[in-house]
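> Predicted model, plus sequence, below.
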Amino acid sequence: MEYKTIDYPRSVGVAPEGKEAVLSVRDLAISFKTDEGYVHAVRGVAFDLYKEETLCIVGESGSGKSVTNKAIMGILARTAHIDSGSILYEGEDLTKVSEEEFHRIRGTKIGMIFQDPLSSLNPIMKIGKQMTEVMIINGNHLKRYYNDLINAEFIAYKNDLRLLSLEKEERKILKSRIKDEQKKAKKEKRPVDEAKLSSYAEKIQTSLAHTADLQIQLKADKAALMEAKKGAKAKVKEKKQGIDAVHKANLKPILSSLFKNPKQAYGDFLQEHRRYLSDLRVTHKEAKERALKIMAEVGIPEPERRFKQYPFEFSGGMRQRIVIAIALTAEPDVLICDEPTTALDVTIQAQILELINRLKADHHMSVIFITHDLGVVANMADRVAVMYAGKIVEYGTAQDIFYRPVHPYTWALLSSIPDVDSKESLDAIPGTPPNMLFPPEGDAFAERSKYALAVDFKAEPPMYCLSDTHYASTWLLDPRAPKAEMPQIVKTRIENSLKKGGKAQ
Ligand SMILES: Nc1ncnc2c1ncn2[C@@H]1O[C@H](COP(=O)(O)OP(=O)(O)O)[C@@H](O)[C@H]1O
Ligand SMILES: [Mg+2]
């Protein structure tokens, strides 16, 4: 059988019918600068997250799952560098938006929960305050209105500043290269490499020309931002006047009844005052009411009492529920769960997974669920991306991955899931993942795979399409490859599971 290949990771092929992508990652590559050199953590990742679906990203520790998702959240370490790629969300490339703008997307549109809930909670602040604080900050209606109005101009201006500093940085590097060459020539007692130097000098000139253009652009964009701010201030003022006018109109009958029925008038006044404040911002009382409701929704008993407690007074599972509750307060479209149950014991783990599934459906969220354990995936995933050494090696629907896996690494992961029924001992994957300072050429899994072909050590396999929903990057799918059978243990499991007619497990 000859399979088509796709231009992965620049494209992921056609979207299945009726599926709308909420988040599109293309050609994403990220490295970290370390003392030993560059760690190539993510090396060309692409995927689409579809509306109201769960995409599970599975792979051993160190395969680049967290780094990929931290890039989406904009919380990469300072030493990280995005070498290439884009992350499209609502028409915007998240790799290019300013830090301020990212603040707004992170936590409001895209929420994230981590393996260790303690790391995302403040140990010395009561749970209730941690929940309401976010709502109160996000709930300043007039401020949000203002930020929305100046958003486009603000991003353009910040982008100019960023580009200017990149140009400056580049010239600095070029100048130091010129100096290096001059020093080296002197030391080696040879004439300087004129061609090299003039190429550097030329690049410096180009950068200076870019900088001049950018400065003109910056001036224009700054003026536009000032103009937008002026306009926005006027609009905010207008909006505030509107709110005040309604308030005044509502107060009028209350005040006129003051002498007839003072008690009633006082009650009405308080009520109107509260309503007025809620037009301006989310009040503490409203935030608390909402927090208690969400706490109940995520299954925290006695929310009133729990509201006043500190994180240390909660068990691991309850803490994870609180973190989920905090993420929910912002009504995110996308929820990223990075190994949220790894630190929990098995029964609690199952409860949290069930909770995430329920919340996903109730809140119409799309979920990215990260785990090293393919066993956890079966009841969660609509789609699965199998990651190894910074790349996605197989991608498909849960059925594709559990019933029709084709990549030797997916086979290895499937073999290592302990069987619930037979208690069959698991086959640990031999060897260790590669050192990402020096990623191997070709198929990175080859050195640990008994299915490896000679070509695996030389060339990277293309991405083959097995169907519209299922693709994999392994030379075993090349028509010239010898026929390879999946391990018996995986075969048996698939057969058993099909016999039981159960879900993909
Ligand atoms: N801040 C960092 N500095 C250097 N290397 C890092 C950093 N963060 C992650 N890495 C490296 O990037 C690779 C991928 O890490 P990660 O995405 O955390 O893996 P996982 O799949 O377990 O979530 C690993 O080799 C890891 O050591
Ligand atoms: Mg991780």
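Everything's here; your move. Numbering: from 1, shown residues only. Ligands and ions are numbered 1, 2, ... in the order given.
> Spatially nearest residue to residue 281 (excluding sequence neighbours)?
Nearest residue to residue 281, sequence neighbours excluded (CB to CB, 6 or more residues apart in numbering): residue 140, at 4.8 Å. Bear in mind the C-beta positions are built from the backbone N, C-alpha and C, glycine included.
> check whether stretch 373-393 contacts ligand 1.
No: shown here: stretch 373-393 not in contact with ligand 1 (CB under 6 Å from any ligand atom), separated by at least 6.7 Å.
> end-to-end on that stretch?
End-to-end distance for stretch 373-393, by CA to CA, to the nearest Å: 16 Å.
> what separates it from the chain centre, distance-wise?
Averaged C-alpha coordinates place stretch 373-393 at 15 Å from its chain's average position (CA atoms, centre = their mean, to the nearest Å).
> So which bits of the protein are right by ligand 1?
Along the chain, the residues adjacent to ligand 1 under the rule CB under 6 Å from any ligand atom are 32, 34, 39, 41, 59, 61-67, 77, 79, 436.
> Now with 8 Å, please.
Within the chain, the positions near ligand 1 by CB under 8 Å from any ligand atom are 32, 34, 39, 41-42, 59-70, 76-77, 79-80, 338-339, 370, 372, 387, 390, 433, 435-436.
> still on that earlier bit, enumerate every residue touching the residue nearest to residue 281.
Counting by CB atoms under 8 Å, 6 or more residues apart in numbering, residue 140 makes contact with 280, 281, 282.
> next one: phi and psi at it?
phi -80, psi 90 (degrees, to the nearest 10).
> Can you verify residue 228 is assigned to a helix?
Yes: residue state for residue 228 (DSSP: H, G, I helix; E, B strand; the rest coil) corresponds to a helix.
> just checking, it touches residue 157?
No: at 9.5 Å, residue 228 does not count as touching residue 157 under the criterion of CB atoms under 8 Å.
> tell me the pLDDT at the residue nearest to residue 281?
For residue 140, the pLDDT comes out at 78.
> quick revisit: any shared contact partners between residue 228 and residue 157?
Common neighbours of residue 228 and residue 157 (criterion: CB under 8 Å, 6+ apart): none identified.
> quick one: which of the two has more around it?
Per other CB atoms under 10 Å, whichever of residue 228 and residue 157 has more neighbours is residue 157, with 22 against 18.
> Surely that one touches residue 222?
Yes: look at residue 157 against residue 222 with CB under 8 Å: they come within range, at 5.9 Å.
> And the strands in this structure?
Here the chain has its strands, by DSSP state E, at 4-6, 21-34, 37-50, 54-58, 80-89, 92-93, 110-113, 334-338, 366-371, 383-388, 391-397, 463-465, 471-472.
> By mean pLDDT, show me the worst of those.
When I compare these, strand 92-93 is least confident, with a mean of 87.
> Partner strands of that one and their direction?
According to DSSP bridges, strand 92-93 has the following sheet partners: strand 80-89 (antiparallel).
> mind listing what's buried in the partner strand?
80, 82, 85, 86, 87, 88, 89 (16 or more other CB atoms under 10 Å).
> hey, what's the first one bridged with?
Listed by DSSP bridges, the beta-bridge partners for residue 80 are residue 32.
> Which member of the buried residues of strand 80-89 is positioned nearest residue 123?
The closest of these to residue 123 turns out to be residue 80 (CB to CB; 26.8 Å).
> Surely that closest one and residue 68 touch.
No: using CB under 8 Å, residue 80 is not in contact with residue 68, being 11.3 Å away.
> what's the overlap in contacts for these two?
Contact criterion CB under 8 Å, 6+ apart; residues shared by residue 80 and residue 68: residue 30.
> Output the contacting helices and strands for the helix or strand of the chain with the lowest mean pLDDT.
Scoring the helices and strands of the chain by mean pLDDT, DSSP states H and E places helix 99-105 at the bottom, with a mean of 72. Applying 3 or more CB pairs under 8 Å, 6 or more residues apart in numbering; DSSP states H and E, one finds that helix 99-105 contacts helix 141-187.
> for the stretch 201-350 of the chain, which spans come out with low pLDDT?
Low-confidence segments of the stretch 201-350 of the chain, defined by pLDDT under 70, are absent.
> Can you tell me, leaving aside adjacent residues, what's nearest to the residue of it found nearest ligand 1?
Distances between the stretch 201-350 of the chain and ligand 1 by CB to the nearest ligand atom are smallest at residue 338, namely 7.1 Å. Setting aside the residues directly before and after it, residue 338 is nearest to residue 370 in space (CB to CB, 6+ apart), at 4.6 Å.
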